[in-house]
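K.L.:
Below is the sequence, then the predicted model.
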Amino acid sequence: MNTHDLLAFSVAQEAINRISTGTAPWDTILSATSYITSSRSWPMPDFVLVDPTTRVTVGAEFKPPQQTKREYLTGLGQAISYSRDFHYGLLIVPSISDDGYRIADHVVSVLSQSPLDMAPIGVLEYNPATLSPTNSTFTESRFFSPRVTAPAQPAVLDQSFFAKWREMSPQEMLFLLSASYDAMRNRLPALGTIRDLAFDALWIAIQARTIHHWGGGLRTYNNTASNKVAVSKNYRNFLFHIGWTESDGSLTKQGLEALHVGTLYGHLSQPFLDAVATALLIEGKHLILFNAISEFQDTIGTMPSEPDWLNLLEETLELKGLLKRNPSRHAVATANSSRQFLKAEKQLWRNLGLIMPRGPRVFHPGRGFIFNWARIAGLLQSSD
């Protein structure tokens, strides 16, 4: 499985735990309301810590155990580069490298030299012999030098650490990939971004009644300007969040590979659906979400009804720093089941075979969600 992300987010949650309890030295730069999110635009740290009150951000680079000294020094360069787009850069490294060299001490010594001694870079050191998703203890080997100016061009942050999905079918995904590829080749920036041009092409195809939703029926939307804008908001970010496009819609290497698979086998083929599922788990970080949900279920005790269970899950994830709820939006979602927490994601997981269904639902009374770990493990192993 993808242990890198699991370990990185376990460290992130330990950091949030220290921040939320006002533990020094974290209390000097971040408030108790801070949370974890993602930034999928370059330079793409492993996770971002955000203080919603002060808008201070920390871009973090996690390096797993048993890597070479070169890999850890590369991580130092990444953490330093994050300080251009975030208030602080953070490097998380083991105490020793694969040859037993005390790499954390070396990194700290490099940062102690002028002019790096005043750089807004922190170093967290962990024990490679004991680090696990359930044991993420670390030491603040070097904390951040206070920063007095904000980044000139702050990175764009996502609203959540995991990829959000609304409605888009496999046919629509493949269509957008193909239309994006065509827009990349034609290179007509005066007409709009690649993402906008691709969606315009999809909208025309929908109005021509040639596009199907995941259930197999024709996709239909009223052809009004306001409706087009509303629908585009549901479509525009998903392929970016699973690593298949850049923010402007241009295809990444993974997106080109997905386009090849979909074109060769078809949008409803198992290879293409597997490609979607794998990207969702890894780049979309739904594997992190699955593990957080499973951990929640293991500790909940008596299982309540689904609405109460979902509300408690959302509260728990917020306490862990894995999401930040908008109070007014949460009130609407609680009152309106159509906006219930994870409503869309549950449908996506079912469609991709990532969760075990119970008739038309996926919630199992007395058990909660039962993820299809055999399929998940197979997808992750195939991606290695």
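P.N.:
That came in fine, so what should we check first?

K.L.:
so where's the stretch 251-384 of the chain shaky on pLDDT?
P.N.:
Confidence mapping of the stretch 251-384 of the chain against pLDDT under 70 gives the ranges 326-339.

K.L.:
now the stretch 1-150 of the chain
P.N.:
Checking the stretch 1-150 of the chain against pLDDT under 70 turns up 1-2.

K.L.:
all strands in it, in order from the N-terminus.
P.N.:
With DSSP state E, counting those that start in this stretch as the criterion, the stretch 1-150 of the chain has strands at 35-37, 47-50, 57-62, 88-94, 121-126, 139-142.

K.L.:
same check, this time on the stretch 251-384 of the chain
P.N.:
363-364, 368-369.

K.L.:
can you tell me which of the ones you listed comes nearest to residue 10?
P.N.:
strand 368-369 (20.1 Å; C-beta to C-beta). Yep, even glycine has a C-beta here, placed from its N, CA and C like the rest.

K.L.:
Which strands border the closest one, and is each parallel or antiparallel?
P.N.:
Each strand pairing with strand 368-369, determined using DSSP bridges, is listed with its direction: strand 363-364 (antiparallel).

K.L.:
In space, what's closest to residue 223 - neighbours in sequence excluded?
P.N.:
Take residue 223 and drop its neighbours on the chain: the residue closest to it by C-beta to C-beta, 6 or more residues apart in numbering is residue 207, 5.2 Å away.

K.L.:
For the one you found, give its distance to residue 250.
P.N.:
Taking C-beta to C-beta, to the nearest Å as the measure, residue 207 and residue 250 are separated by 25 Å.

K.L.:
which ones are touching residue 7?
P.N.:
Applying C-beta atoms under 8 Å, 6 or more residues apart in numbering, we find residue 7 in contact with 62, 64, 131, 132, 133, 136.

K.L.:
Would you list the buried entries among these?
P.N.:
The neighbour count (16 or more other C-beta atoms under 10 Å) marks 62, 64, 131, 133, 136 as buried among the contacts of residue 7.

K.L.:
Nearest to residue 201 among those residues?
P.N.:
Taking C-beta to C-beta as the measure, residue 62 is the one of these closest to residue 201, at 38.6 Å.

K.L.:
Without its sequence neighbours, what residue ends up closest to the closest one?
P.N.:
Counting by C-beta to C-beta, 6+ apart, residue 62 lies nearest to residue 8, which is 3.7 Å off, once chain neighbours are set aside.

K.L.:
Let me know how buried the one you found is, in neighbour terms.
P.N.:
Each residue near residue 8 was counted by other C-beta atoms under 10 Å, and the total is 25.

K.L.:
from memory it sits against residue 46, does it?
P.N.:
Yes - counting by C-beta atoms under 8 Å, a contact exists between residue 8 and residue 46, whose distance comes to 4.5 Å.

K.L.:
any shared contact partners between the two?
P.N.:
Residues touching both residue 8 and residue 46 by C-beta under 8 Å, 6+ apart: 60, 62.

K.L.:
Quick one: residues contacting the closest residue to residue 91 other than its chain neighbours.
P.N.:
Nearest-residue entry for residue 91: residue 79, 3.9 Å, with adjacent residues in sequence omitted and distances by C-beta to C-beta, 6+ apart. Shown here is residue 79, whose contacts under the criterion C-beta under 8 Å, 6+ apart are 59, 60, 61, 89, 90, 91, 121, 122, 123.

K.L.:
let's see 10 Å
P.N.:
Residues in contact with residue 79, defined by C-beta atoms under 10 Å, 6 or more residues apart in numbering, are 45, 59-61, 63, 86, 88-93, 107, 111, 119-123.

K.L.:
likewise residue 344?
P.N.:
Contacts of residue 344 (C-beta under 10 Å, 6+ apart): 164, 165, 166, 167, 168, 234, 338.

K.L.:
what about the helices in the stretch 1-150 of the chain?
P.N.:
Residue ranges of the helices in the stretch 1-150 of the chain, as given by DSSP state H, counting those that start in this stretch, are 3-20, 69-82, 103-111.

K.L.:
Would you format those helices as a markdown table with distance to residue 242 included?
P.N.:
Formatted as a markdown table, the entries for the helices of the stretch 1-150 of the chain read as follows, by distance: least, C-beta to C-beta, whole Å:
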| stretch | distance to residue 242 |
| --- | --- |
| helix 3-20 | 14 |
| helix 69-82 | 22 |
| helix 103-111 | 32 |
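
K.L.:
Of those helices, flag the one that's most buried.
P.N.:
A comparison of the helices of the stretch 1-150 of the chain by mean neighbour count, using mean count of other C-beta atoms under 10 Å, puts helix 3-20 on top with a mean of 20.

K.L.:
from the chain's centre, how far out does that one sit?
P.N.:
Between the mean C-alpha point of helix 3-20 and the mean C-alpha point of its chain there is a distance of 14 Å (C-alpha atoms, centre = their mean, to the nearest Å).

K.L.:
Using PDB, write out every CA atom in it.
P.N.:
Included here for helix 3-20 are C-alpha records, laid out as PDB according to Å, rounded to 0.1, in the frame of the first residue of the first chain:
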ATOM      1  CA  THR A   3       2.600   4.000   3.100                       C
ATOM      2  CA  HIS A   4       4.200   7.300   2.300                       C
ATOM      3  CA  ASP A   5       0.900   9.300   2.400                       C
ATOM      4  CA  LEU A   6      -0.400   7.300   5.400                       C
ATOM      5  CA  LEU A   7       2.800   8.100   7.400                       C
ATOM      6  CA  ALA A   8       2.800  11.700   6.200                       C
ATOM      7  CA  PHE A   9      -0.700  12.300   7.300                       C
ATOM      8  CA  SER A  10      -0.200  10.600  10.600                       C
ATOM      9  CA  VAL A  11       2.600  13.100  11.400                       C
ATOM     10  CA  ALA A  12       0.400  15.900  10.200                       C
ATOM     11  CA  GLN A  13      -2.400  14.800  12.600                       C
ATOM     12  CA  GLU A  14       0.100  14.600  15.500                       C
ATOM     13  CA  ALA A  15       1.200  18.200  14.600                       C
ATOM     14  CA  ILE A  16      -2.400  19.300  14.600                       C
ATOM     15  CA  ASN A  17      -2.900  17.600  18.000                       C
ATOM     16  CA  ARG A  18       0.000  19.600  19.500                       C
ATOM     17  CA  ILE A  19      -1.200  22.800  17.800                       C
ATOM     18  CA  SER A  20      -4.800  22.400  19.100                       C
END
